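# Predicted model and sequence follow; I will ask about them next.
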Amino acid sequence: MTSSARATRPTAVIRPRARLLAAVAVLLGTAFAPAEAAMPVAVPTEAPDVVAAAAAPTSVVPVPADPRGASWLGGGAVLDPRAPIAPLAPDPLTLTRSVPTRVRIPAIAVDSALVGLGLQDDGSMEVPPGAFPAGWYTGAPTPGELGPAIFAGHVDHGGSAGVFARLHDLQPGDAVEVTRQDGTTVVFRVTRVEQHSKDAFPTAAVYGDIDHAGLRLITCGGPFDRRVRSYEDNIVVFAELDPGASDAPGRGS
C-alpha cells in the first residue's frame, strides 16, 4: 500500500468527542520489530515515535489538549474554536451499549476474542499485550452504539504475525462481524482503508463524533524504521453499521 489514502476523506465526521480526545488517541501506533529484531512490548507515550530508554518500540498518535483548540498536534489540521458546531442528528439505527466480545473478518481470516483497552496512568491508551487477541478501547462507544467504536491490533509482535497483519488487504464492502455481550451480532461494512504517516494521523476523522454507528480498525503499516524500531505509518480501516445484516433485537436510539 502506498502512503496516500486509498479512498476519499470521510463525509460524516461532525466534531471531536471530548471524552475520546481527552485520552491519548492511539494506537497501534505501537510497532514491533520483525522476527530478526524482536522486542518486548512497550508502554506507549504521549508523543509520536518516542523511543524508551530500553529502545523498546513505541508510537502514539497525539491529540490536542483542548478538543476545540486551535490546532492538532502532529497532524497540522486546524480547528477554529469560533466556528459553530452543528448539533448531531443521531441515526435511529443504533444500539444500546454492550461490550464486544469477538471480532471476525472473513476476508482476511481474522477470528479473535477482544480484550478491553483502557488508559494508563500517564493518560495514554493501553495496547494489546501480544500478537493476539485484538483490543477495543473502552472509552469509546461500543460497536453498534452511536459514534465510532475503536479496535486495535498488532501487525506483528515478537517476530510473529499479529491479529491485524492483513488489515491493509481489506476492500470496501468487506464485512466485519462483532459479537456483543448481550448476544447480538452486528455487521459493519468497510467503506475505506487509509494509510497515514504517524505524524499526520487523522485524529478527528478516527475519534471524532459521527451521526451513525461506525467502527475503526487500526494497526501499524508502511516501512519499518530500524533506528527507532517502529513502523512509520498507521493503517486505518473505516466501516459503518450494516443494519440489514446485523442481528440486533435490542435496537434503540
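Now that the structure is in, tell me what you want to look at.

# Quick one: residues contacting T142.
Residues near T142 by C-beta atoms under 8 Å, 6 or more residues apart in numbering: 95, 97-100, 136, 149, 180. (Glycine included, C-beta is placed from N, CA and C.)

# Which positions within stretch 142-149 qualify as buried?
142-149 (16 or more other C-beta atoms under 10 Å).

# What pairs with the strand or helix carrying I218, parallel or antiparallel?
In this structure, I218 sits in strand 213-225 according to DSSP states H and E. Partners of strand 213-225 in the sheet, by DSSP bridges, are strand 147-152 (parallel), strand 230-241 (antiparallel).

# which residues touch the shortest one?
Looking back up the chat, that one is strand 147-152. 17, 20, 26-29, 100, 103, 114, 117, 127-128, 134-137, 140-143, 164, 178, 206-210, 213-219.

# where in this structure is pLDDT low?
1-92, 123-125, 248-253 (pLDDT under 70).

# where along it do the helices fall?
18-21, 203-207 (DSSP state H).

# what's the neighbour count on P106?
Using other C-beta atoms under 10 Å, P106 has 11 other residues around it.

# give the contact list for it.
174-175, 177.

# switch to 7 Å and redo it
Contacts for P106 were tallied using C-beta atoms under 7 Å, 6 or more residues apart in numbering; they are A175.

# could you measure it against P128, distance?
Remark: distance between P106 and P128 (C-beta to C-beta, to the nearest Å) = 21 Å.

# ok, A134 - contacts?
Counting by C-beta under 7 Å, 6+ apart, A134 makes contact with 103, 112, 114, 128, 151-153, 163-164.

# got those residues as CSV, with distance to T185 columns?
Below are those laid out as CSV (distance: C-beta to C-beta, whole Å):
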residue, distance to T185
V103, 11
S112, 15
L114, 13
P128, 22
F151, 15
A152, 21
G153, 19
V163, 19
F164, 20
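
# in stretch 193-212, what's buried?
Buried-residue list, stretch 193-212, by 16+ other C-beta under 10 Å: 193-196, 198-212.

# Mind picking the two most distant members of the contacts of T142?
Across the contacts of T142, the longest distance by C-beta to C-beta is 14.8 Å; it joins L95 and W136.

# and L93, how many neighbours?
18.

# Find the nearest non-adjacent residue to it, please.
Of all residues not flanking L93 in the chain, P243 sits nearest, at 4.7 Å (C-beta to C-beta, 6 or more residues apart in numbering).

# and the one you found, how many neighbours does it have?
Counted with other C-beta under 10 Å, the neighbours of P243 add up to 17.

# shouldn't it be in contact with T94?
No - using C-beta atoms under 7 Å, P243 makes no contact with T94, being 9.3 Å away.
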